[in-house]
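**Student:** here's a sequence, model it:
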Amino acid sequence: MLVTAAMLGVIAEAGDSVLTLVDGLDEADFARSRLTRHEVRRQLLEIADALQALPEAAHDAMPEIDWPGWHGTATALSQAGPSADDAAWFAARSMVPATLMWLQVYRRAEPDLFEFRPH
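**Tutor:** Next comes the predicted model:
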């Protein structure tokens, strides 16, 4: 569980970073800001990679997380061009808030997943 807890912490931190980066931006502002787009994409890929690397038991314990959606987001973000920017905007405004909300729910329902306990 130590690895799971650490990875869930990474996901939460990266998600908070994404929300901070896009706070107050509209889609046009986001599209114009090369540095913000780059950093948002980096953080989103960190989330997607950490979610994918979680053990199957974590996937099973958190069925409301959009596992296929995050996989598709990672694929879209790895491409260059406007479609990756569209995927980043959608993920930042929809997927990240939903994922962070579910992590809060699961932190209460499945606290063992979030505890740093060495075995």
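
**Student:** how confident was the prediction at the nearest residue to V3 once chain neighbours are set aside?
**Tutor:** Spatially, and ignoring its direct neighbours in sequence, V3 is nearest to P55 (7.6 Å; C-beta to C-beta, 6 or more residues apart in numbering). Any C-beta I mention is one placed from the backbone N, CA and C, and that applies to glycine too. Here, the pLDDT recorded for P55 equals 92.

**Student:** average pLDDT for the helix or strand containing Q104, rounded please.
**Tutor:** With secondary structure defined by DSSP states H and E, Q104 is part of helix 96-109. For helix 96-109, mean pLDDT is 96.

**Student:** how about it as PDB, C-alpha atoms only?
**Tutor:** What follows is helix 96-109 as a C-alpha-only set of coordinates in PDB (Å, rounded to 0.1, in the frame of the first residue of the first chain):
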ATOM      1  CA  VAL A  96      -9.000  16.500 -13.200                       C
ATOM      2  CA  PRO A  97     -11.900  18.000 -11.000                       C
ATOM      3  CA  ALA A  98     -13.800  14.700 -11.300                       C
ATOM      4  CA  THR A  99     -10.800  12.600 -10.400                       C
ATOM      5  CA  LEU A 100      -9.800  14.800  -7.400                       C
ATOM      6  CA  MET A 101     -13.400  14.700  -6.200                       C
ATOM      7  CA  TRP A 102     -13.500  10.900  -6.400                       C
ATOM      8  CA  LEU A 103     -10.100  10.600  -4.600                       C
ATOM      9  CA  GLN A 104     -11.600  12.600  -1.700                       C
ATOM     10  CA  VAL A 105     -14.600  10.200  -1.600                       C
ATOM     11  CA  TYR A 106     -12.300   7.200  -1.700                       C
ATOM     12  CA  ARG A 107     -10.000   8.700   0.900                       C
ATOM     13  CA  ARG A 108     -13.000   8.400   3.300                       C
ATOM     14  CA  ALA A 109     -14.300   5.100   2.000                       C
END
